[in-house]
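>>> Just to be clear, the model below is a prediction. Sequence and coordinates:
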Amino acid sequence: MRVSHNISIIGRVTLFTAAVSAILCTLLALVVMLAVHRYATGALSSEIRSAGGRVAMTVEDRGGADGPLARQPGRNIQVVDHQGRVVESTPALHGKPPMATFTVDGENTRQEVVCGGVFGTDRCDIVIAQSAHRPEGHWIVYAASPVLPVWVEPWLAALICGAAALLAVAITYLGNRIVSTALQPVCAIRKELNAINASSLSRRVPAPSARDEIHELADSINHTLARLDAAMTQQRQFASDASHDLRSPIAAMRAEVEDALLAPDETSVTTLCNTLMGSLKRLGLIVSDLLTVARLDAGAPAALVPIDLGELAAQECEMRHQTTKTLTCRIEPGVVVLGDRMRLGRLLTNLLDNADRHAESTIMVNVKHEDDELFPAGVALLEVIDDGPGIDPDKRELVFQRFARLDSARTKDAGGSGLGLAIARQIAETRGGSLRIEDSDRGARFVLRLPLHGGHPSGFKPAG
């Protein structure tokens with residue numbers, strides 16, 4: 001078994017083809033030889049019957065045979081009278097008793113294989129008995145010839161076996177060529193994959209022209225390479241953006257520290273700490289968001305429990321009662337989803353933080369039930385609407401990219417990490433939901449849809 005695992009696919013297929021073709025060709029040779037033997041035996045029996053019939057007709061007409069009884073070498077004939085005495089026989093059987101004891105059947109002829117006796121030990125002959133009618137009674141003419149061997153003739157057996165062996169070799173060679181040709185694209189794909197590394201993910205493996213399984217394999221590999229290329233590009237861009245966002249507060253803190261060192265008499269510890277605190281908070285926010293992104297990308301398990309989305313939104317609104325913006329919450333009770341409370345809370349926090357940064361004066365939060373064709377129980381819909389400048393339709397997907405900020409956001413606010421909306425959408429999609437920006441009369445309207453948890457009554461609220 002271990003040896004077979006070390007053999008290539010071409011070798012294994014070739015060995016299998018050779019074994020199968022050898023077995024089938026051997027069986028074919030046996031069938032052909034048996035068919036030839038049966039045909040030759042039938043022809044020999046006809047010849048023996050014809051020779052015996054000729055002698056029987058002569059015995060009926062003249063009482064004996066004129067000339068030699070057998071005209072073919074190896075044939076033996078006996079004429080036995082009505083009293084069972086051998087009247088005439090071929091030279092090889094002179095003075096010997098009848099070669100057989102059976103008599104003819106209703107058709108005046110009978111054929112059997114007789115072994116031993118007058119023919120000698122270890123020899124079998126085909127014996128055909130035919131009746132000759134004489135006035136004194138029925139005589140019997142026995143005609144015999146040795147049984148043909150299975151191979152009939154040595155040269156014929158050699159011819160059949162040679163043809164079978166040649167056919168087996170041809171089939172094996174053809175199978176080897178077919179599998180070798182079929183696997184050539186696989187070798188090309190393997191060589192190309194060996195040459196692809198992290199710096200050349202844009203390369204693709206060659207796809208064969210034939211629309212077969214190997215072509216589909218090449219397509220799948222190319223699609224995988226395209227996804228890896230996109231992921232690596234996104235990863236590099238993510239690292240670049242993260243480095244840029246981390247460098248800004250670090251550079252600001254370094255500048256403050258250097259100024260304090262250059263003029264220590266003009267700077268107090270309290271003033272320096274207050275100045276650095278803003279940059280430290282920004283660093284903490286970025287690091288926290290980076291950790292969240294890493295956990296989401298790694299598929300960290302979440303503690304899934306039934307959550308009343310309206311109650312969660314109401315709690316978030318309650319914690320923001322000191323905001324300078326007018327916050328209005330319209331909550332429909334009993335909108336229960338299955339999710340992780342901390343992650344859903346983070347999603348709401350990010351949406352409200354974004355709205356708070358860009359709203360002029362008003363923020364509205366709506367939670368309600370909505371019918372959906374894909375989910376029999378419906379979906380939970382949460383809207384966060386602000387009265388800010390809004391987002392152009394062609395840039396609504398851009399804001400969900402990591403570290404992406406619109407120009408207006410960069411000039412107005414530098415407190416966000418650029419990851420809040422990306423994290424919010426990723427949390428929504430991990431629960432089978434969606435987060436999009438939809439049309440609004442004024443400002444931006446973020447719409448979250450999550451599948452409802454249909455296993456609980458409409459008024460269900462988790463304990464605590």
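That came in fine, so what should we check first?

>>> Straight-line length of stretch 328-337, end to end?
The straight-line separation of the ends of stretch 328-337 (Cα to Cα, to the nearest Å) is 22 Å.

>>> how near is the closest residue to residue 161 other than its chain neighbours to residue 153?
Leaving aside its sequence neighbours, residue 161 sits nearest to residue 29 (Cβ to Cβ, 6 or more residues apart in numbering; 5.8 Å). For glycine as for every other residue, the C-beta is placed from the backbone atoms N, C-alpha and C. Here residue 29 is placed at a distance of 15 Å from residue 153 (Cβ to Cβ, to the nearest Å).

>>> same deal with residue 444?
98 Å.

>>> And the two? Which one has more around it.
Legend: neighbour count by other Cβ atoms under 10 Å for residue 444 and residue 153, higher for residue 444 (21 against 12).

>>> Do I have it right that the more buried one meets residue 355?
Yes - applying Cβ atoms under 8 Å, one finds residue 444 in contact with residue 355, separated by 7.4 Å.

>>> what comes up buried for stretch 318-337?
Neighbour counts over stretch 318-337 (16 or more other Cβ atoms under 10 Å) mark 320, 325, 327, 329, 331, 334, 335, 336, 337 as buried.

>>> end to end, how far does that stretch reach?
21 Å.

>>> contact partners of it?
Contacts with stretch 318-337, where a contact means Cβ atoms under 8 Å, 6 or more residues apart in numbering, come from 306-311, 313-314, 317, 344, 352, 355-356, 359, 361-369, 380, 431, 450-453, 456-460.

>>> give me the low-pLDDT residue ranges for the stretch 101-250 of the chain?
106, 198-199 (pLDDT under 70).

>>> Spell out which helix or strand contains the closest residue to residue 179 other than its chain neighbours, please.
Among residues not flanking residue 179 along the chain, residue 13 sits closest, at 4.4 Å (Cβ to Cβ, 6+ apart). Here residue 13 sits within helix 9-62, counting by DSSP states H and E.

>>> next structured bit after that helix?
Counting by DSSP H and E, what follows helix 9-62 is strand 76-80.

>>> Output the contacting helices and strands for that following strand.
helix 9-62, strand 86-89, strand 137-146 (3 or more Cβ pairs under 8 Å, 6 or more residues apart in numbering; DSSP states H and E).

>>> if we go to 6 Å?
For strand 76-80, the packing partners by 3 or more Cβ pairs under 6 Å, 6 or more residues apart in numbering; DSSP states H and E come out as strand 86-89, strand 137-146.

>>> Is residue 276 in contact with residue 252, as I believe?
No - assessed by Cβ atoms under 6 Å, residue 276 is found out of contact with residue 252, at 8.5 Å.

>>> Find the nearest non-adjacent residue to residue 84, please.
Nearest non-adjacent residue to residue 84 (Cβ to Cβ, 6+ apart): residue 98, at 6.8 Å.

>>> Look at that neighbour and say how many residues are nearby.
Residues near residue 98, counting by other Cβ under 10 Å: 20.

>>> Enumerate every residue touching it.
Shown in contact with residue 98 (Cβ atoms under 6 Å, 6 or more residues apart in numbering): 78, 80, 86.

>>> and residue 248, how many neighbours?
Residue 248 has 14 neighbours, counted by other Cβ under 10 Å.

>>> what separates the residue nearest to residue 161 from residue 40, distance-wise?
Relative to residue 40, and taking Cβ to Cβ, residue 29 is found at 16 Å.

>>> And residue 87, by the same measure?
Counting by Cβ to Cβ, the gap from residue 87 to residue 40 is 31 Å.

>>> and what of residue 53?
Taken as Cβ to Cβ, the span from residue 53 to residue 40 is 20 Å.
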